[in-house]
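Enquirer: dropping the sequence and predicted coords here.
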Amino acid sequence: MFNIERWQEIFQAIAKNKLRTFLTGVSVASGIFILVILLGAGRGIQNGIQNQFAKDATNKIEIYPGITQKEFKGLGIGRETQFKNRDYEIVTQKFENFIDNRSKLYSVWSGNIVYGKETGTYRIEGVNPNYQFIENASVIAGRFINLSDIEHFEKVAVIGKKVSTDLFKDTKSGIGKNINVSGTIYKVVGVFTDPGGEREESRVFIPVTTAQRAYSAGEDIRSMAFTMPKRDNFDQALAESENFSKQLDKILKERHDIAPDDESALNIQNSLEQAQKIYQLTDIIQAFFWFVGILTIIAGVVGVGNIMLIVVKERTKEIGIRKALGATPYSIIAMILHEAVFITLISGFIGLIFGLLLWAGIGPFIESDFFSHPEVDFNIALTTVILLTVAGAFAGFIPAYKAAKIRPIVALRDE
């Protein structure tokens with residue numbers, strides 16, 4: 001039950017030792033404050049990384065040619081793998097029921113583009129219509145590449161927002177205008193935006209068949225990109241994408257006479273495998289932050305225990321008198337524990353509130369590619385404070401138990 005006399009004693013003890021109580025409270029509050037800051041930072045890193053993966057289809061698989069590093073079937077090392085249209089056709093036919101979106105690509109990293117007096121160098125990518133969904137690009141004006149463009153080798157271009165503002169000063173007036181791309185005239189039919197920002201929006205998409213003809217590539221393609229159907233279960237999606245990657249690797253190595261164990265001849269990028277590695281890294285970072293924060297809290301709890309030991313030492317004679325007058329061991333323990341819990345609880349809440357206020361104030365202004373929306377789950381933070389209070393009670397129990405064991409005659413002789 002609520003005992004006003006006990007609370008008066010607690011406040012009197014705190015008032016008598018203001019500096020000592022303040023420093024103890026600071027150590028506890030700083031522990032919770034640091035933990036909240038670390039948890040918020042960990043969540044910010046996690047959100048930033050998830051946003052990066054969300055910029056492209058999360059189950060995206062891309063394959064690029066490489067250079068052989070092992071001899072095979074009498075063929076030497078140093079051979080450059082060259083994909084053909086037939087490679088793409090075989091893969092799409094074989095896995096028709098297992099892939100969602102697909103596109104072959106013919107890319108030119110530095111294409112010169114001219115419109116009137118404006119000129120710039122941008123990445124040119126010959127793609128299929130589905131590439132819009134593989135890249136998670138959004139058309140904000142006009143349209144994207146379509147099947148008719150592919151079949152009729154149309155000289156049309158879909159330009160990124162950055163390209164549009166560079167050449168036309170806005171994102172819409174370029175629709176229907178002609179631009180010179182590496183010596184060939186293309187009609188702008190669309191403008192796209194990409195979550196990846198200006199780097200991704202500094203690209204120009206043209207029909208892949210047109211790109212092959214314009215750059216005299218014949219049947220050559222530079223890479224292929226696919227997405228797998230999305231699954232609710234991450235492990236299932238990862239297993240399916242890994243299986244597809246292995247089969248894709250096997251088929252193309254057989255077609256191009258590449259040793260099965262030659263890891264340099266083909267480069268397969270599986271976004272789910274990359275996501276798994278990154279998520280494992282963020283989990284490690286979060287665990288490290290918890291470890292550091294909890295150690296800081298423990299340091300504060302130890303401080304509470306030390307303060308209670310000092311309190312018991314200073315009040316030894318008082319405790320002896322109480323026991324001589326009939327105070328029970330329970331009442332002595334309760335007296336010491338109440339003070340320890342009160343200091344720990346109040347200090348913990350102060351640290352929690354300051355930490356949450358800090359993230360609420362500066363969190364919205366901290367944005368980068370791999371850090372976004374730092375926040376702390378209030379329930380987790382509150383649970384931490386409660387656990388801290390319990391720990392404070394345990395820290396105060398040892399001094400309290402020691403006080404309860406003091407013999408009145410010994411206590412009254414204490415100086």
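Expert: Yes, it's here.

Enquirer: what's near enough to touch the residue lying closest to Ile34 once chain neighbours are set aside?
Expert: Spatially, and ignoring its direct neighbours in sequence, Ile34 is nearest to Thr296 (4.9 Å; C-beta to C-beta, 6 or more residues apart in numbering). For every residue, glycine as well, the C-beta is placed using N, CA and C. With contact set as C-beta atoms under 8 Å, 6 or more residues apart in numbering, Thr296 has these partners: 30-31, 34-35.

Enquirer: for Thr296, phi and psi?
Expert: phi -60, psi -40 (degrees, to the nearest 10).

Enquirer: ok, Gly120 to Gly183 distance?
Expert: 15 Å (C-beta to C-beta, to the nearest Å).

Enquirer: look at these two and report which has more neighbours.
Expert: Gly120 (15 against 9; other C-beta atoms under 10 Å).

Enquirer: which parts of this protein are helices?
Expert: 4-16, 18-54, 85-94, 131-134, 147-151, 161-168, 198-201, 208-214, 234-255, 271-314, 316-324, 329-362, 378-404, 408-413 (DSSP state H).

Enquirer: would JSON lines of these with mean pLDDT and distance to Ser264 be doable?
Expert: Converted to JSON lines, these look like this (pLDDT from 0 to 100; distance: least, C-beta to C-beta, whole Å):
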{"stretch": "helix 4-16", "mean pLDDT": "67", "distance to Ser264": "70"}
{"stretch": "helix 18-54", "mean pLDDT": "74", "distance to Ser264": "26"}
{"stretch": "helix 85-94", "mean pLDDT": "94", "distance to Ser264": "18"}
{"stretch": "helix 131-134", "mean pLDDT": "92", "distance to Ser264": "25"}
{"stretch": "helix 147-151", "mean pLDDT": "96", "distance to Ser264": "32"}
{"stretch": "helix 161-168", "mean pLDDT": "93", "distance to Ser264": "34"}
{"stretch": "helix 198-201", "mean pLDDT": "88", "distance to Ser264": "27"}
{"stretch": "helix 208-214", "mean pLDDT": "95", "distance to Ser264": "26"}
{"stretch": "helix 234-255", "mean pLDDT": "87", "distance to Ser264": "12"}
{"stretch": "helix 271-314", "mean pLDDT": "73", "distance to Ser264": "18"}
{"stretch": "helix 316-324", "mean pLDDT": "67", "distance to Ser264": "77"}
{"stretch": "helix 329-362", "mean pLDDT": "77", "distance to Ser264": "46"}
{"stretch": "helix 378-404", "mean pLDDT": "72", "distance to Ser264": "45"}
{"stretch": "helix 408-413", "mean pLDDT": "57", "distance to Ser264": "80"}
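
Enquirer: can you lay out these as a markdown table showing distance to Ile113?
Expert: Below are these laid out as a markdown table (distance: least, C-beta to C-beta, whole Å):
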| stretch | distance to Ile113 |
| --- | --- |
| helix 4-16 | 73 |
| helix 18-54 | 28 |
| helix 85-94 | 26 |
| helix 131-134 | 19 |
| helix 147-151 | 18 |
| helix 161-168 | 7 |
| helix 198-201 | 14 |
| helix 208-214 | 13 |
| helix 234-255 | 33 |
| helix 271-314 | 29 |
| helix 316-324 | 87 |
| helix 329-362 | 41 |
| helix 378-404 | 51 |
| helix 408-413 | 91 |
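
Enquirer: who wins for proximity to Asn112 among the ones you listed?
Expert: helix 161-168 (12.1 Å; C-beta to C-beta).

Enquirer: buried set for that closest one?
Expert: Across helix 161-168, burial judged by 16 or more other C-beta atoms under 10 Å covers 161-168.

Enquirer: could you find the closest non-adjacent residue to the most centrally placed residue in the chain?
Expert: The centre of the chain sits closest to Gln46, judged by C-alpha atoms, centre = their mean, with a distance of 2.3 Å. Excluding the flanking residues, the one nearest Gln46 by C-beta to C-beta, 6+ apart is Thr282, at 4.8 Å.

Enquirer: circling back: can you say which of the helices of the chain is nearest to Arg222?
Expert: Comparing the helices of the chain by C-beta to C-beta, helix 208-214 comes nearest, at 9.3 Å.

Enquirer: how far out from the middle of the chain is that closest one?
Expert: Centroid displacement of helix 208-214 relative to its chain, using C-alpha atoms, centre = their mean, to the nearest Å, is 38 Å.

Enquirer: bridging residues for the spatially closest residue to Asn180 that is not a sequence neighbour?
Expert: Nearest residue to Asn180, sequence neighbours excluded (C-beta to C-beta, 6+ apart): Val114, at 4.2 Å. Note on Val114: beta-bridge partners Thr119, Asn180, judged by DSSP bridges.
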